[in-house]
Structures are given as C-alpha cells and as structure tokens.
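J.: No sequence on hand, only this structure:
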C-alpha cells in the first residue's frame, strides 16, 4: 500500500512546498521543523491502521472506556537526515522503541557509489510494528540495506516506510523487495539523475537540516 499525501488537500502540501523552496530552505530550523511536521502527520495517519483494544480509564468522576493502540512500535532512522522525521513520529508514538542506522554513500569518480553501513542500534523487533523514516527515497538502495540489517534483530509483524520525497524508480524497487510494506510519502517525483538525485526533489536533506558534511 502506498499513501501519497500530495494527492490529498491538506496542510502537508504547504510543508512539502516549503521543504522544496530554495529560499525557505536557508532557514535550517524551519526545514527541520517541516520534516518533523510531516513525521507527525504520517504518525497520525499510521495510527489509523493499528490494532486497538478497549480499556478502562479512571477519571476524577468515574470510569471512561477508551480504545487504545496495542502495537509494540519501533521507529527506525537512517542517520543523519532521518532525525527530524524520526522526532515527528516520536512526538506522537512517544512510548515507541528506537533504532538508529548509520549509512552513507561513498561516491566514485565514474558516477557510481557504494553504500557503507557503520553502526546499528536496535531493540528486539519480533512481532513489532516497525516504522522506518528516510526523508529521501531515491534509488531505494540505502533503505533496502537498512531493512536487511534490521532483520538480524527479529521479524516485525508489519513494516511502515515514511519518506518526504520518493522517486518513482525507488518506490518500485522497494515495493518489489517488500510487497507487504506500507509506504507513506509526501510526494512522488518521476525523474532520477545519473548520480541518483531526485528531480525536482529538494536537495540534500541532511545538509539542509544540519549543514554540509566534511568532504571525503
């Protein structure tokens, strides 16, 4: 299942527009906050798909029956670009477990690149609801490697992928590998350059959030 927020009329469109805007992008705090907002919106949408059980809550005046989610949720993030969206998801799923993956592209002069994985911190994923935040789904290669690495920590009962901008090719690749995954995206762009940048996209989400990284 793929849910594209840009196909609906909502405030998410405003946040996506600001994320893309080269002038508004100069404000790093606003850029991070807009990614965080998208994470919050997607957390709310994901919450509609969870399992619920009616429970009793004691109030000062009596007992109220409330349907509460029963899923064991783990939010995973590919560092560093995924941190703002992770925070947005965590604002809503505030009792969720957390997983962090350090992965980066090492570019070669011929235009190709390798994906290096350096660090993983993750709780037990057995029978959990796993939500992975990756703001830019370009080729889908980094995400596929991250999911593969997380398999060592158990088999989740369901997988949600949250991204701000996804390329058509990246979406197809991830769906082919994980046909049961539910993908939540802000917008889909068709073009992908030879260097695997999404067009029109929004640029480098990590650099725009936290400043340019040191050159290799």
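T.: Noted; the coordinates are in hand. All figures in this text were calculated on a predicted structure; none of them were measured in a lab. Numbering: from 1, shown residues only.
J.: separation between the closest residue to residue 211 other than its chain neighbours and residue 135?
T.: Setting aside the residues directly before and after it, residue 211 is nearest to residue 28 in space (Cβ to Cβ, 6 or more residues apart in numbering), at 7.3 Å. The C-beta positions use only the backbone N, C-alpha and C, and glycine is treated the same way. Distance, residue 28 to residue 135, using Cβ to Cβ, to the nearest Å: 14 Å.
J.: Check residue 145 too.
T.: 16 Å.
J.: residue with max distance from the center of the chain?
T.: Residue farthest from the centre of the chain, counting by Cα atoms, centre = their mean, is residue 61 at 41.0 Å.
J.: about what we covered before: so residue 145 and residue 135 - more neighbours on which side?
T.: For the pair residue 145 and residue 135, the greater number of neighbours falls to residue 135 (28 against 16), based on other Cβ atoms under 10 Å.
J.: Which elements pack onto the top helix by length along the chain?
T.: The single longest helix within the chain, with elements called by DSSP state H, is helix 28-47. Judged by 3 or more Cβ pairs under 8 Å, 6 or more residues apart in numbering; DSSP states H and E, helix 28-47 is in contact with helix 12-20, helix 83-92, strand 158-167, strand 182-189, helix 205-210.
J.: Need the contact partners of the fourth one.
T.: Strand 182-189 is touched from outside by 1-6, 12, 15-16, 19, 38, 42, 45-46, 49, 137, 158-168, 171, 174-175, 198-201, with contacts defined as Cβ atoms under 8 Å, 6 or more residues apart in numbering.
J.: Thank you, goodbye.
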